[in-house]
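Asker: got a sequence here, can you model it:
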Amino acid sequence: MTETSTRATASDDGVAGVSLAPATIPSQGGPTGGHAESSELGGLIKPGYDLRLTNEDLAPLKKQTWGSYAFFAFWMSDVHSVGGYVTAGSLFALGLAAWQVLIALLVGIVIVYFLCNLVAKPSHATGTPYPVASRIPFGVLGANVPAIIRGLIAVAWYGIQTYLASNALVLLALKIWPGLAPWALRSEHGFAGLSTLGWAGFMIMWVAQAVVFWRGMEAIRKFIDFCGPAVYVLMFALAVYLVAKAGWSNIDFNLADGGLTLTGWAAVPVILSSIALVVSYFSGPMLNYGDFARYGKSFGAIKRGNLLGLPLNFIVFSILVVVTAAATRNVFGELITDPVETVAKLDSVTAVLIGALTFMIATVGINIVANFISPAFDFSNVNPQRISWRMGGMIAAVGSVLITPWNLYNDPTTIHYTLDILGCFIGPLYGVLIADYYLIKKRRVVIDDLYTLSPKGRYHYYKGYNPVAIVATLVGATVGVIIVFGASSGVAAYTWFICATIGFSLHYAGTAIFKNKVSVEDLPAAV
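Answerer: Down below sits the predicted model:
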C-alpha cells in the first residue's frame, strides 16, 4: 500500500478532514512517476498510482482556485435554463395557485441547498471528481458502476437540454423566415419524432456545445460566468414588458388549468409532490456537484456560492417565473410556461432575436456544465488511459442524439415521468456516498489508496468491488422503478427520496453486518 497523503486540517465547519500533499505528475505519454508540470487545474499523479485508475483529469487537483462567484454562477446558469423554467411552469398544470407553486419551489430548493453541501464535501476534501470519490464506498473498480449509471443519466439530460435550447433556435428561424414553416411540421418533414427544421436546430446546438466544451474547464467557467446574469437581465426585461402591457391590476395569479385551483388539505399532497419534483429536477446536478466542488479554494466559498445561487437566487427566479407566466394569459390570451415560446410571440423581431439567443446561450452553459463535464469524467474513469476527458464528453454527445430526447420532455406528464425514472437511479447513488463518507468513514480518506489496485488498499474491498454498496444501489433503483410503474403518480413523485433512503440504509446496515466479508476496515485518523 502506498504512503498516505492525508494530513489533519481544520475545515470551515471545524471538522477534521483531509488535504492534498505535494506530488509529481507524469510526462505526457510517459510512465507514472515523471516530473512534468501540469496545467493549473490539472491533477497530481504520484509514483505508484496505477495507470488503470488515473490520468491528469482524474488525479487530485494541483490547485483549488474557484471562489464563491464561480459556484453562484454555476447555479444561476442551472436555475435560469429553459429546462428550469419549463419545469417550474409545469407545476401550474397540477392545479396549484401561484402562491402554492412559490412555496413548493422555495422549500424544494432549500432542501437541494443542504443536500448539495453534503455531497460537495468528499470531492472538495480529496480534490477529485465524483467517479473517484465514489471509489470510497464502491471500491476502486466498483466505482465504474455508479460512474456508468450517472454517465448515462447525464447523457439523457444533455440531450433534453440540447433539445430545449434548439427550440429557441427553431422559433427564431421561423420568426425571421416564415417560409420555413412546412419544414417544422413532423407530419410532413419529420424523422424519429422530430421535424427536419428541428433536426437542423438540434445539430447546430449540438456542435456549438461541443466547441465550447473542447476548449477546456477554465473556458467553460468563464462562459457560465456570463450565462446566468445574461438571462436575469432578459427575464427582468420580459417580466416588466408583459406586466406593463397587461396592467398589474389585470393579472390573475390563478394559473391552474381551467382556472380551478386546489384549496385546503387537498392542496397539501400536491404541494409535497411538487417539492419532491423540484428536488428530482436538481438531483442530477446535485450528484454531479463534486465534479465542480473539487475546484473550490475553500469549503466556505462553496457554501457561500450555494447559498447565493440556490435559495436566494431561486427566490427571485421563482417570482419572475410566476409573474411572467401570469402576464402571458392576459397579453397573449393563453398561459405560456415556456419562456422561448413567450419570447417568440413578441412583435419585435429584434426582441425575439435577443431573447432567443440569450436563452440558447444560457441553456448551452448549464448543459455543458451539468451534463457534459460529468459524463466526460465518468466515461474516462472506465478506462483512463484510453478515454480522455474530452473523448468521454464526445461519447456522451453522441449518445444524447441516439436517445431522441425530444420524446422524453415534450409535455408536463412526460416531464414528471422522466424525472421520476431518473430519480430511481440517482437517489441510491447519493444515499450510498453520504452514508459511507459521513457515517462509516467519518470523513477520513486516504487519497493515495483511491489510485491503487493493491489488495492492501483500503478501497480494494473484494477484488476492487464493494458488493454491499453495489447491492444497495441496485435494490434502491429496482424498488424505485417498481414504484414508478406500479404505484400511483403521487407515490412515484417521491422516488428520489425513497431510493436515496434505501441506498443509505442498506449500505450502512450491510457494512455493519458483512464488515469482514467485504474487507472493510476502520480508517486511521488523518495524520
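Asker: what number of residues lie near Ser388?
Answerer: Residues near Ser388, counting by other CB atoms under 10 Å, number 17. Bear in mind the C-beta positions are built from the backbone N, C-alpha and C, glycine included.
Asker: for Ser166, same thing?
Answerer: With other CB under 10 Å as criterion, Ser166 counts 27.
Asker: doesn't Met205 make contact with it?
Answerer: Yes - counting by CB atoms under 8 Å, Ser166 does reach Met205; the two are 4.6 Å apart.
Asker: after the lowest-mean-pLDDT helix or strand in the chain comes which helix or strand?
Answerer: Sorting the helices and strands of the chain by mean pLDDT, DSSP states H and E puts helix 82-90 at the bottom, at a mean of 68. Counting by DSSP states H and E, the element after helix 82-90 in chain order, helix or strand, is helix 98-126.
Asker: so which residues of the stretch 101-250 of the chain form strands?
Answerer: For the stretch 101-250 of the chain, applying DSSP state E, counting those that start in this stretch gives strands covering 190-191, 194-195.
Asker: would you agree Val382 is in contact with Val145?
Answerer: No - here Val382 lies out of contact with Val145, judged by CB under 8 Å, at a distance of 10.4 Å.
Asker: neighbour-wise, which of those two wins?
Answerer: Between Val382 and Val145, counted using other CB under 10 Å, Val145 has the larger neighbour count: 19 against 16.
Asker: what helix or strand is the residue lying closest to the more buried one once chain neighbours are set aside located in?
Answerer: Among residues not flanking Val145 along the chain, Ile470 sits closest, at 5.6 Å (CB to CB, 6 or more residues apart in numbering). Ile470 belongs to helix 467-486 when elements are defined using DSSP H and E.
Asker: alpha carbons only: can I get the helix or strand following that helix in CSV?
Answerer: For helix 467-486, the following helix or strand on the C-terminal side (DSSP H and E) is helix 489-492. Output of helix 489-492 as CSV, limited to C-alpha atoms (Å, rounded to 0.1, in the frame of the first residue of the first chain):
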residue,chain,number,x,y,z
SER,A,489,-48.3,9.1,-9.5
GLY,A,490,-48.5,10.6,-6.0
VAL,A,491,-46.1,8.0,-4.6
ALA,A,492,-43.9,8.0,-7.8
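Asker: not counting sequence-adjacent ones, nearest residue to Lys463?
Answerer: Nearest residue to Lys463 in three dimensions, chain neighbours excluded: Leu141, at 7.3 Å (CB to CB, 6+ apart).
Asker: could you count how many residues lie near the one you found?
Answerer: By other CB under 10 Å, neighbour count at Leu141 equals 19.
Asker: contact partners for Ala181?
Answerer: For Ala181, the contact set (CB atoms under 8 Å, 6 or more residues apart in numbering) comprises Leu174.
Asker: how much space between it and Leu61?
Answerer: 51 Å (CB to CB, to the nearest Å).
Asker: related to what we said a few turns ago, may I have the helix holding Ile470 as CSV, with CA atoms only?
Answerer: In CSV, the C-alpha atoms belonging to helix 467-486 read as follows (Å, rounded to 0.1, in the frame of the first residue of the first chain):
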residue,chain,number,x,y,z
PRO,A,467,-20.7,-5.8,-3.0
VAL,A,468,-22.6,-4.0,-0.2
ALA,A,469,-22.6,-0.7,-2.0
ILE,A,470,-23.4,-2.2,-5.4
VAL,A,471,-26.3,-4.3,-4.0
ALA,A,472,-27.7,-1.3,-2.0
THR,A,473,-27.7,0.8,-5.2
LEU,A,474,-29.3,-1.9,-7.4
VAL,A,475,-32.0,-2.7,-4.8
GLY,A,476,-32.8,1.0,-4.3
ALA,A,477,-33.1,1.6,-8.1
THR,A,478,-35.2,-1.6,-8.6
VAL,A,479,-37.7,-0.6,-5.9
GLY,A,480,-37.9,2.9,-7.5
VAL,A,481,-38.7,1.5,-10.9
ILE,A,482,-41.3,-0.7,-9.5
ILE,A,483,-42.9,2.3,-7.7
VAL,A,484,-42.9,4.4,-10.9
PHE,A,485,-44.6,1.7,-13.0
GLY,A,486,-46.8,0.1,-10.3
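Asker: got the buried residues for it?
Answerer: Across helix 467-486, burial judged by 16 or more other CB atoms under 10 Å covers 467-470, 472-477, 479-481, 483-484.
Asker: quick one, phi psi at Tyr462?
Answerer: The phi and psi values for Tyr462, taken as degrees, to the nearest 10, are phi -110, psi 100.
Asker: in the sheet, who's paired with it?
Answerer: Note on Tyr462: beta-bridge partners Tyr465, judged by DSSP bridges.
Asker: without its sequence neighbours, what residue ends up closest to Tyr158?
Answerer: Closest to Tyr158 by CB to CB, 6+ apart is Asn371, at 3.7 Å.
Asker: who touches the residue most central in space within the chain in this structure?
Answerer: In the chain, the centroid-proximal residue (CA atoms, centre = their mean) is Pro285; its distance is 1.6 Å. Pro285 sits next to Asp78, Ala370 when contact means CB under 8 Å, 6+ apart.
Asker: for the helix or strand where it lies, what is the average pLDDT?
Answerer: Assigned by DSSP H and E, Pro285 belongs to helix 267-288. Average pLDDT, helix 267-288: 83.
Asker: only alpha carbons, please: show that helix as CSV.
Answerer: Only the C-alpha atoms of helix 267-288 are listed here, as CSV (Å, rounded to 0.1, in the frame of the first residue of the first chain):
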residue,chain,number,x,y,z
ALA,A,267,-53.6,21.0,-2.0
VAL,A,268,-51.1,19.6,0.6
PRO,A,269,-50.3,16.3,-1.2
VAL,A,270,-49.8,18.1,-4.5
ILE,A,271,-47.6,20.8,-2.9
LEU,A,272,-45.5,18.0,-1.3
SER,A,273,-45.2,16.1,-4.6
SER,A,274,-44.2,19.4,-6.3
ILE,A,275,-41.4,19.9,-3.7
ALA,A,276,-40.2,16.4,-4.5
LEU,A,277,-40.3,17.2,-8.2
VAL,A,278,-38.0,20.2,-7.6
VAL,A,279,-35.5,18.0,-5.8
SER,A,280,-35.7,15.4,-8.6
TYR,A,281,-35.1,18.1,-11.2
PHE,A,282,-31.9,19.1,-9.4
SER,A,283,-30.9,15.6,-8.4
GLY,A,284,-28.6,15.3,-11.5
PRO,A,285,-26.6,18.5,-10.9
MET,A,286,-26.6,17.7,-7.2
LEU,A,287,-25.0,14.3,-7.6
ASN,A,288,-22.6,15.8,-10.2
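Asker: that helix vs helix 98-126, what angle?
Answerer: 20 degrees (axes from the mean of the first three to the mean of the last three CA atoms, to 10 degrees).
Asker: identify each buried residue in helix 267-288, please.
Answerer: Buried-residue list, helix 267-288, by 16+ other CB under 10 Å: 267, 270-288.
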